[in-house]
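Colleague: no FASTA, just this:
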């Protein structure tokens, strides 16, 4: 499966953005999808993930209550709704898909989309 991430931008603190991860090549319904981010000088971190089919979700503590991951299998797309953005959310955001597992290193990755939050 091939992935493309869209929706990044420059926003002020407190604003919202919605990122989209659009899949092609095969149905994403049997894939877990995760949103990761990497800020300059920092390690990549998992921000949110959603399981296949049933769609249970996991979030990093730093984004709980502010970010929501969701999927629309009919559109082969996974979204990351980001509310109440903070300057520390600034990073390149990537989406990744893993077949019936959370084995991200063996999965497919999209190109990153830059999110910049100004104070």
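Modeller: Thanks, I have the structure now. These numbers come from a predicted model, not from an experiment. Residues are numbered from 1 along each chain as shown.
Colleague: quick one, what contacts the nearest residue to residue 84 once chain neighbours are set aside?
Modeller: Computed as CB to CB, 6 or more residues apart in numbering, the closest residue to residue 84 that is not its neighbour in sequence is residue 66, at 4.7 Å. Placement of C-beta: from N, CA and C, glycine included. Taking CB atoms under 8 Å, 6 or more residues apart in numbering as the contact definition, residue 66 lies against 82, 83, 84, 85.
Colleague: before we move on, what about residue 101?
Modeller: Per CB under 8 Å, 6+ apart, neighbours of residue 101: residue 32.
Colleague: Under a three-state scheme, what state does it occupy?
Modeller: Three-state assignment for residue 101 (DSSP: H, G, I helix; E, B strand; the rest coil): coil.
Colleague: hmm, back to that, state the distance from the residue nearest to residue 84 to residue 117.
Modeller: Plainly put, residue 66 is 12 Å away from residue 117 if you go by CB to CB, to the nearest Å.
Colleague: tell me which residues in the helix or strand hosting residue 49 are buried?
Modeller: Element membership for residue 49 (DSSP states H and E) is strand 45-50. Residues of strand 45-50 classed as buried: 47, 48, 49, 50 (neighbour count, 16 or more other CB atoms under 10 Å).
Colleague: can these go into JSON lines with extra columns for distance to residue 106?
Modeller: JSON lines is the format used below for the buried residues of strand 45-50 (distance: CB to CB, whole Å):
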{"residue": "47", "distance to residue 106": "19"}
{"residue": "48", "distance to residue 106": "19"}
{"residue": "49", "distance to residue 106": "15"}
{"residue": "50", "distance to residue 106": "18"}
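Colleague: Please render the residues you listed as TSV that adds distance to residue 22 and pLDDT to the earlier fields.
Modeller: TSV is the format used below for those (distance: CB to CB, whole Å; pLDDT from 0 to 100):
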residue	distance to residue 22	pLDDT
47	18	98
48	17	98
49	17	97
50	15	96
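Colleague: I am finished for the moment; much appreciated.
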